[in-house]
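Visitor: I'd like to go over a predicted model; first the sequence, then the structure.
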Amino acid sequence: MRSSKQKWRAVRFVAIGVLLLGATSCASDDESAPMGEASASASPQATEISVNTGFLSDPDGFSFANAKQSGSLETESLITLFGPETVCIGGKISDCQLFPSAVQWLDQVNSALTAGRCEGMAVLSQQFFQNIASVQKFNDSAPFAYALNEKNADLQRSIEQLWATQLLSSAQEAAAKSRRAGPVAIAEMLQSALVDGAIYTMGLYDETGAGHTVTPASIVEVDSGWEISLYDNNVPGVQQLLNVSSPDNTWAYQPIDAAGASIGSAIGGGVGSLDITPLAVRALPQTPPFSTSVSATGVNTGSVRAHVLVTAPARTTNLLVSAEVEGETKTVKQLTSDGDSPVIYTPLRTGDSAASGFTAQWDPGEVDQVSWNLNHQPENAESKDPVKASLDIPGAPRVQAELSRDQSGDLQFNTTASRAVSMRSTGGAATHITLTNGLVTIRFVVGPDVTLTAEPADQGGESQVTVTNEKGEGAVADFTLPSAIMLGSASQIEIDASDLTLLKVLKSTLKSSRLKKFLSSSGLGANIEKDETPAQTQSPTQKPDDSGETDTSKPTKKPKPEPKPEPKPEPKPDPEEADEEADEDPGGEADPKGDEEESMDNFPSS
């Protein structure tokens, strides 16, 4: 609840049993109270069926509405969420160089925030109210959340960071448990929890699968079911009302403005369309939903569950999603409402009804085979970010696809009993497929019909990879993907694989000599166009790193005013040639002076 100097605005009554707080005031005694509340002069009446926390949209919510803009999460955000041991190479906070999979996940989250950040606003406002977080951290003169400025960069970053907690396994499991129980059971759980002092956020899902998060403040049992008063960060300063119907186990919600007029369309539903998540499950740090490195035993550290993350920025695409679990086809509605399903499917809660991203997780020890199909139908995009779909399986490389902004098609990705991962693009759905194993990332520019399969990493951390073109003569590229090329440093390569018979290296962070060694030892060299030196410039298909920060984890070359192809290497004196030959193991440690790698500045993060 608020600090002592704000307690005059609302009082939370605590007693044995449940209480109905009939008296709270937003500002003054003569001001009209929000719906469901009486004036401050009224006396609280205790019953056994109602409870009010005292949370009010004004002053406890934010004065600004849910924003739709790219996220600003960075390295420090990941360290807070997951700890340095799982996201920083070497586990060091100082000069932390993120694992490639962490960079890719961060990029997806920042892109998803383009559709909204309602989850973070609902969580942080509750944390302020419970004194878990301090309003004064962001403005030492602000008495409550409503007084904070929307343009405060640190505040926005905290909101975004808490938005990302919906992707944690603990939060997804808690939300799914309530979602599968149904609206009436949720109302009963919420009523009991609020009495005990537990604080929850509430997720709402419309018939298209879009999600939104609100803050429940009070609950009252009525003849038809329950009335839940809430703070909706899409409509700042106005207390809202959600109704739960006991006879048919449904809920309905119609947002209103300050004058009581309806805003937008009413939403509602039954089992699988409403959930609650306790703040307690968001305690940080937690295990990340992505795998980062491969240990000496060949087992990935980080994620212990299988995770799918599909990020679709606002009004970018129409995604038709279906899944197959152990050979049985499942619709999205079945996944969200089936209490026996081993796969937890959750639409991303952004607050934008046009957004269509989602996340899913399951225990690969309990489920052998899970397949997903995304029918991708691009629409006019408000965001320049592409739709991205990633799959993380413990023990296997991370695979991620970027979908076309203008070409419809299908993307299928699945796991097998052996924990191999596969991604198949047909009809030109994907423009790029990225494969990451530990410290090594290869980003492929792909043709219209391609399948990539990666086997689980072996004891040495290596994965066997096959890329197949299903059209024409069915060209195939087989290679070995190690978990490291440079010990303690991330390596990234971009390859044009639109023609598998003649691969072209477009960009690499590796020095030319080391790159050639890797291509030869991995097996990729057999398909690479001969005598081609990869350009050290940004490809038109690449998205520049917009972090604004220089990578200080290793030496960088000075930027050139105009990108030019790197000239072919000239013959070197014998001592240097000998030094090159001494470079035995691609996983060995580099000479810090004689084997500097190209900077990863402007290399795409996915």
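Guide: In hand now; what should we look at? Numbering: from 1, shown residues only.

Visitor: switch to C-alpha atoms for all contacts and neighbour counts from now on
Guide: OK.

Visitor: where's residue 436, which helix or strand?
Guide: strand 430-437 (DSSP states H and E).

Visitor: elements contacting that strand?
Guide: Contact here means 3 or more CA pairs under 8 Å, 6 or more residues apart in numbering; DSSP states H and E; on that basis strand 430-437 packs against strand 398-403, strand 440-446.

Visitor: so which of these comes closest to residue 217?
Guide: Closest of those to residue 217 is strand 398-403, at 39.4 Å (criterion: CA to CA).

Visitor: the closest one: how far from the chain's middle?
Guide: Centroid separation for strand 398-403 versus its chain: 14 Å, with CA atoms, centre = their mean, to the nearest Å.

Visitor: okay, angle between the helix or strand following it and strand 430-437 too, please.
Guide: Downstream of strand 398-403, the next assigned helix or strand under DSSP H and E is strand 409-415. Put simply, strand 409-415 runs at 20 degrees to strand 430-437, going by axes from the mean of the first three to the mean of the last three CA atoms, to 10 degrees.

Visitor: list the buried ones in strand 409-415?
Guide: For strand 409-415, a neighbour-count test (16 or more other CA atoms under 10 Å) marks 409-415 as buried.

Visitor: try stretch 240-253
Guide: 240-246, 250-253.

Visitor: now swap in stretch 469-479 and tell me
Guide: 469-470, 476-479.

Visitor: who does the strand holding residue 436 pair up with?
Guide: strand 398-403 (antiparallel), strand 440-446 (antiparallel) (DSSP bridges).

Visitor: need the winner for burial among the ones you listed.
Guide: Stretch with highest mean neighbour count among these: strand 398-403 (a mean of 26; mean count of other CA atoms under 10 Å).

Visitor: still on that earlier bit, export the helices and strands packed on strand 430-437 to JSON lines and append columns for distance to residue 460 and mean pLDDT.
Guide: JSON lines is the format used below for these (distance: least, CA to CA, whole Å; pLDDT from 0 to 100):
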{"stretch": "strand 398-403", "distance to residue 460": "17", "mean pLDDT": "96"}
{"stretch": "strand 440-446", "distance to residue 460": "14", "mean pLDDT": "97"}
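
Visitor: how about TSV for the ones you listed, with distance to residue 166 added?
Guide: TSV is the format used below for those (distance: least, CA to CA, whole Å):
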stretch	distance to residue 166
strand 398-403	20
strand 440-446	27
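
Visitor: residue 175 is nearest to which of the ones you listed?
Guide: Taking CA to CA, strand 398-403 is the member of the helices and strands packed on strand 430-437 nearest to residue 175, at 25.6 Å.

Visitor: one step back: in helices only, show me the buried residues of stretch 469-479.
Guide: Applying DSSP state H to the buried residues of stretch 469-479, no entry is found in helices.

Visitor: of the residues you listed, which pair is most distant in space?
Guide: The most distant members of these, if one measures by CA to CA, are 470 and 479, lying 17.8 Å apart.

Visitor: now stretch 364-382: buried residues?
Guide: Using 16+ other CA under 10 Å as the test for burial, stretch 364-382 gives 364, 367, 369-378.

Visitor: out of the residues you listed, who's nearest residue 146?
Guide: Nearest member of those to residue 146, counting by CA to CA, is residue 378, at 38.2 Å.

Visitor: mind checking how far the closest one is from residue 521?
Guide: 40 Å (CA to CA, to the nearest Å).

Visitor: for the stretch 201-350 of the chain, just list every one of the helices.
Guide: 332-337 (DSSP state H, counting those that start in this stretch).

Visitor: what segments of it are strands?
Guide: Assigned by DSSP state E, counting those that start in this stretch, the strands in the stretch 201-350 of the chain fall at 211-222, 225-231, 239-245, 250-253, 267-269, 274-278, 291-294, 300-302, 306-311, 317-325, 328-331, 344-347.

Visitor: need those strands in a markdown table (columns: mean pLDDT and distance to residue 125).
Guide: Listed next are the strands of the stretch 201-350 of the chain as a markdown table, based on pLDDT from 0 to 100; distance: least, CA to CA, whole Å:
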| stretch | mean pLDDT | distance to residue 125 |
| --- | --- | --- |
| strand 211-222 | 96 | 8 |
| strand 225-231 | 97 | 10 |
| strand 239-245 | 98 | 14 |
| strand 250-253 | 98 | 21 |
| strand 267-269 | 96 | 24 |
| strand 274-278 | 97 | 14 |
| strand 291-294 | 68 | 31 |
| strand 300-302 | 56 | 30 |
| strand 306-311 | 95 | 25 |
| strand 317-325 | 83 | 31 |
| strand 328-331 | 91 | 34 |
| strand 344-347 | 94 | 22 |
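
Visitor: now, which of the buried residues of stretch 364-382 sits nearest residue 349?
Guide: In terms of CA to CA, no member of these lies closer to residue 349 than residue 374, at 19.1 Å.

Visitor: can you list the domain ranges for this structure.
Guide: Residue ranges for the domains of the chain, per automatic domain parsing: 4-62+169-282, 75-167, 291-537+572-581.

Visitor: and of these, who's closest to residue 68?
Guide: The closest of those to residue 68 is domain 75-167. By CA to CA, the value is 4.4 Å.

Visitor: check the offset of the closest one from the chain's centre.
Guide: With CA atoms, centre = their mean, you get 12 Å for domain 75-167.

Visitor: how about stretch 323-343?
Guide: 21 Å.

Visitor: so which bits of that stretch are buried?
Guide: 323, 325, 330, 332-339, 343.

Visitor: kindly report the same for stretch 516-530.
Guide: In stretch 516-530, counting by 16+ other CA under 10 Å, buried: 517-519, 522, 524-528.

Visitor: could you dump it to CSV, C-alpha only?
Guide: In CSV, the C-alpha atoms belonging to stretch 516-530 read as follows (Å, rounded to 0.1, in the frame of the first residue of the first chain):
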residue,chain,number,x,y,z
LYS,A,516,38.3,-20.2,-43.7
LYS,A,517,39.5,-22.7,-41.1
PHE,A,518,36.0,-22.9,-39.6
LEU,A,519,34.3,-23.3,-43.0
SER,A,520,36.8,-26.1,-43.9
SER,A,521,36.6,-28.0,-40.6
SER,A,522,32.8,-27.7,-40.3
GLY,A,523,32.0,-29.0,-43.7
LEU,A,524,30.5,-25.8,-45.0
GLY,A,525,33.5,-25.1,-47.1
ALA,A,526,32.4,-27.7,-49.7
ASN,A,527,29.3,-25.5,-50.6
ILE,A,528,31.0,-22.1,-50.2
GLU,A,529,31.7,-20.1,-53.4
LYS,A,530,35.4,-20.2,-54.0
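
Visitor: contacts for that stretch, please.
Guide: Outside stretch 516-530, the residues that touch it by CA atoms under 8 Å, 6 or more residues apart in numbering are 477-481, 485, 500-505, 586.

Visitor: lowest-confidence entry in the residues you listed?
Guide: Among these, residue 586 carries the weakest pLDDT, at 42.

Visitor: helices along the stretch 51-200 of the chain, start to end?
Guide: 57-60, 75-82, 84-87, 100-112, 118-129, 153-163, 169-179, 183-195.

Visitor: residues near residue 305, how many?
Guide: 19 (other CA atoms under 10 Å).

Visitor: circling back to that earlier point, would CSV of the helices of the stretch 51-200 of the chain with mean pLDDT, distance to residue 140 and mean neighbour count be doable?
Guide: Listed next are those as CSV, based on pLDDT from 0 to 100; distance: least, CA to CA, whole Å; neighbours: other CA atoms under 10 Å:
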stretch, mean pLDDT, distance to residue 140, mean neighbour count
helix 57-60, 98, 16, 24
helix 75-82, 97, 22, 18
helix 84-87, 92, 29, 23
helix 100-112, 95, 28, 24
helix 118-129, 97, 14, 26
helix 153-163, 97, 13, 20
helix 169-179, 96, 31, 21
helix 183-195, 95, 30, 20
